[in-house]
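In: fold the following, please.
(chains A, B, C and D)
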Number of protein chains: 2
Amino acid sequence: MTRYNSRSPARAPAPTFSPLYRQIKDFLIRSLESGEWGPGDAIPSEGELAQRFNVSQGTVRKAIDEMAAENMLVRRQGKGTFVATHDDPRSFYRFLRLVPDDGRTAQAVSEPFSCESIPAAPDVAAALELPAGSLVLLVKRLLRFNGEVVVFDQIYLVPELFDGLTLDRLRGGERSLYSLFESDFGVRMIRAEERLRAVGADEESAARLGVAVGEALLLVERTAYTYGNRPVEWRRGLYCTHHHYYRNELG
Amino acid sequence: MTRYNSRSPARAPAPTFSPLYRQIKDFLIRSLESGEWGPGDAIPSEGELAQRFNVSQGTVRKAIDEMAAENMLVRRQGKGTFVATHDDPRSFYRFLRLVPDDGRTAQAVSEPFSCESIPAAPDVAAALELPAGSLVLLVKRLLRFNGEVVVFDQIYLVPELFDGLTLDRLRGGERSLYSLFESDFGVRMIRAEERLRAVGADEESAARLGVAVGEALLLVERTAYTYGNRPVEWRRGLYCTHHHYYRNELG
DNA sequence: GAGTGGTCTAGACCACCAC
DNA sequence: TGGTGGTCTAGACCACTCG
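Out: As a prediction, this is how the structure comes out:
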């Protein structure tokens, strides 16, 4: 492994210098990407990785620390370090920030009702970094909290990665979509960006959510990324915020 | 300094065990709280702190690392470690997540127009952890992006900490309120929680923001905390999201 | 008891910054 | 040139988990 302070001979093409722990982190990310370890699996112990890379344990540690801070790995003292997964009660709807007004921990239930292949609108194609007019998968679904419909989602997916996705396969009840994407298609959502606006309900949304046309809804547009900052999903969600709110922490 | 693994004699009252670096972190936080170092000041170097606490530099390092991750301190290689401040172009409106649709980096300008002392409504008192009916300061202001009014804020402040606050002192143009709170009142905002909803504009908001009554607005309720998770501000903001959106990152 | 992550040390050297 | 944070090492011991 290239040492942090190694220098190339004069006049060699400019190399990229990066600290050892960064190189190790990159290597681990590539391993995750290639599926070497699946979601929920334990990765090798710090000591073993240190040996394998011929570095000290502290260096491996720093690489893993960063990945844990970015939610790619999960440390468990005494047991090992594990690949993060959405298929786990602790992180079922990890990216869903909607919370009921009364602090009750509501179980969200997904009700997909449509799944089709359509040409991407310009904004969707742009968000997914696809050529204009490419085909994308569109999934529509409702989300219920304690029986009450609160979210109407239109979810656009990069088709290559979700080959064979049908409405039937989406019906799984209480697992989150991302959990299903992970186990059935090997697509792991690592991070996402959301853009929020307030809008008046159009006819379809009003009907789906059981509110009046024109009523204020929270519009949440999300781009979700897998390893390497590759966008693989874009969704437009309409949230009814009568009895729920979107919770955010500022640091 | 108590060692991590020190044990009390049997039958002694249960002590609180915590790692050395945690104890050092707590000590540093208390020092910040007491004003030992002001916003923007440099704290002592890692080496000096290590000597002072009789620990190794790595231990001090871990304490500072965590505080930097929580935005209480800022590291600058070659220069030192500094107390975080809102009075800095890099973090003027650190907690404001509103972004113009066209990526232009708009300068936000604050226009306070009212400042009075009133009895706190129950929800405000609860958020600020004050007895019901306590007096609080209420500041009303508009926020402009490139001249356009986009936010109408009603800001409730714990009165003890903001003694002598007047409308005149609030007019400062382009600095953020938190920058002013920090320099003029010694109150430093460390973190905040926001609750977002979509609502229809009432008459006052509609007039202030120049939209129709009933139009969809983004309601942002924020509780802001200083050291020790003490709530010191609660605000209700109404955002017009015609040409701006609220940006959020999910990890 | 064996294996894992968590804490801590002492010391080395590097990269950056200011004077 | 001297001081600061940033990287890296080798090794010790602790805390947790599980068989």
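In: and the closest residue to A:R247 other than its chain neighbours, what are its bridge partners?
Out: Of all residues not flanking A:R247 in the chain, A:V99 sits nearest, at 4.8 Å (Cβ to Cβ, 6 or more residues apart in numbering or on different chains). Quick note: C-beta positions are derived from backbone N, CA and C, even for glycine. Bridge pairing for A:V99 (DSSP bridges) gives the partners A:Y245.
In: which parts of the stretch 1-150 of chain A sit against DNA strand D?
Out: The stretch 1-150 of chain A comes close to DNA strand D at residues A:3-4, A:19-22, A:54-59, A:62, A:76-79, as judged by Cβ under 7 Å from any atom of the strand.
In: in helices, which of these appear?
Out: The helices, defined by DSSP state H, take in A:20-22, A:57-59, A:62 from these.
In: could I get the residues you listed as TSV with pLDDT?
Out: Listed next are those as TSV, based on pLDDT from 0 to 100:
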residue	pLDDT
A:L20	97
A:Y21	98
A:R22	97
A:Q57	98
A:G58	97
A:T59	98
A:K62	98
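In: what about the strands in chain A?
Out: A:42-43, A:73-76, A:80-83, A:98-100, A:108-119, A:135-145, A:148-157, A:191-200, A:216-226, A:230-239, A:244-250 (DSSP state E).
In: what's the shortest one packed up against?
Out: So that's strand A:42-43. strand A:80-83 (3 or more Cβ pairs under 8 Å, 6 or more residues apart in numbering or on different chains; DSSP states H and E).
In: pairing partners for the strand it packs on, with directions?
Out: As defined by DSSP bridges, the strand partners of strand A:80-83 come to strand A:42-43 (antiparallel), strand A:73-76 (antiparallel).
In: of all those strands, which lies closest to B:E215?
Out: Distance to B:E215, taken as Cβ to Cβ, is lowest for strand A:73-76 among the strands paired with strand A:80-83, at 44.0 Å.
In: which of the ones in helices among the residues of the stretch 1-150 of chain A next to DNA strand D ranks first by neighbour count?
Out: Among those, the one with the most neighbours (other Cβ atoms under 10 Å in any protein chain shown) is A:T59, at 22 neighbours.
In: so how far is A:P19 from that one?
Out: 9 Å (Cβ to Cβ, to the nearest Å).
In: could you do A:A42 as well?
Out: 25 Å.
In: repeat that for A:F53.
Out: 13 Å.
In: higher neighbour count, the two?
Out: Taking other Cβ under 10 Å, A:F53 and A:P19 do not tie; A:F53 has more neighbours (18 against 14).
In: DNA strand C versus that one, what's the distance?
Out: Counting by Cβ to the nearest atom of the strand, to the nearest Å, the gap from A:F53 to DNA strand C is 14 Å.
In: repeat for A:F95
Out: From A:F95 across to DNA strand C, the span is 24 Å (Cβ to the nearest atom of the strand).
In: got the contact list for that residue?
Out: Residues in contact with A:F95 (Cβ atoms under 8 Å, 6 or more residues apart in numbering or on different chains) are A:178, A:189, A:192, A:222, A:224, B:250.
In: tally of neighbours for the residue of the stretch 51-200 of chain A found nearest DNA strand D?
Out: For the stretch 51-200 of chain A and DNA strand D, the shortest gap (Cβ to the nearest atom of the strand) falls at A:G78, measuring 2.5 Å. A:G78: 4 surrounding residues under other Cβ under 10 Å.
In: repeat for A:D88
Out: Around A:D88 there are 14 residues (other Cβ under 10 Å).
In: state the pLDDT value of it.
Out: For A:D88, the pLDDT comes out at 84.
In: thinking again about what came up before, closest to A:P159 among the ones in helices among the residues of the stretch 1-150 of chain A next to DNA strand D?
Out: A:P159 lies nearest to A:R22 out of those, by Cβ to Cβ, at 33.9 Å.
In: that closest one contacts A:A63, correct?
Out: Yes - look at A:R22 against A:A63 with Cβ atoms under 8 Å: they come within range, at 7.4 Å.
In: how about the strands paired with strand A:80-83, which one is nearest DNA strand C?
Out: The nearest among the strands paired with strand A:80-83, by Cβ to the nearest atom of the strand, is strand A:73-76 at 3.9 Å.
In: what's that closest one in contact with?
Out: A:43, A:64, A:67-68, A:81-84.
In: ok, which of those also contact DNA strand C?
Out: A:43, A:81.
In: got a markdown table for the contacts of strand A:73-76, with neighbour count too?
Out: Conversion of the contacts of strand A:73-76 to a markdown table gives the following (neighbours: other Cβ atoms under 10 Å in any protein chain shown):
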| residue | neighbour count |
| --- | --- |
| A:I43 | 19 |
| A:I64 | 21 |
| A:M67 | 22 |
| A:A68 | 15 |
| A:T81 | 21 |
| A:F82 | 18 |
| A:V83 | 20 |
| A:A84 | 21 |
